[in-house]
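>>> What follows is a predicted structure for the sequence shown.
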Amino acid sequence: MTRIHGITVTLIDKVKSGADPFGEPIYKTESIEVENVLVAPTSTDDVANQLNLTGKKIVYDLAIPKGDDHDWTNKEVQFFGKKWRTVGVPLEGIEDMIPLDWNKKVTVEYYG
């Protein structure tokens with residue numbers, strides 16, 4: 001029997017590392033490995049709707065595993081050897097009401 005499983009995705013996040021002499025925060029980038037992320041092509045209807053609403057062409061949907069507490073809003077991610085940027089706010093379901101291992105969904109656009 002084949003079990004559904006995801007891949008490891010690298011989330012690039014900015015972490016506050018201090019303050020400059022003027023009191024403004026200084027950030028450093030941090031690579032966070034998130035395992036078991038499902039990656040699926042976005043439906044053509046969703047691509048067209050998002051393009052009309054925001055001007056961004058989404059390519060993939062990511063299913064984020066339960067228990068993940070990272071911020072996925074407008075972040076850079078890396079998988080398949082390429083860079084992507086999440087679009088919008090992740091959709092989240094109630095963990096106990098969803099039978100599989102994933103409860104968040106976020107879309108990504110090609111970033112470079």
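Okay, I see it. Numbering: from 1, shown residues only.
>>> Report the buried residues of stretch 96-111.
Within stretch 96-111, the residues scored as buried using 16 or more other Cβ atoms under 10 Å are 101, 102, 103, 104, 105, 106, 107, 108, 109. (Glycine included, C-beta is placed from N, CA and C.)
>>> do you know how far the nearest residue to residue 84 once chain neighbours are set aside is from residue 97?
Take residue 84 and drop its neighbours on the chain: the residue closest to it by Cβ to Cβ, 6 or more residues apart in numbering is residue 108, 4.0 Å away. Distance of residue 108 to residue 97, given as Cβ to Cβ, to the nearest Å: 25 Å.
>>> just residue 22 next, same as before
Note on residue 22: its distance to residue 97, by Cβ to Cβ, is 48 Å.
>>> mind checking which helix or strand of this structure has the lowest mean pLDDT?
Within the chain, no helix or strand scores below helix 44-54, which has a mean of 67 by mean pLDDT, DSSP states H and E.
>>> how near is the residue lying farthest from the centre of the chain to residue 27?
Farthest-out residue of the chain from its mean C-alpha position, per Cα atoms, centre = their mean: residue 21, at 33.5 Å. Going from residue 21 to residue 27 by Cβ to Cβ gives 16 Å.
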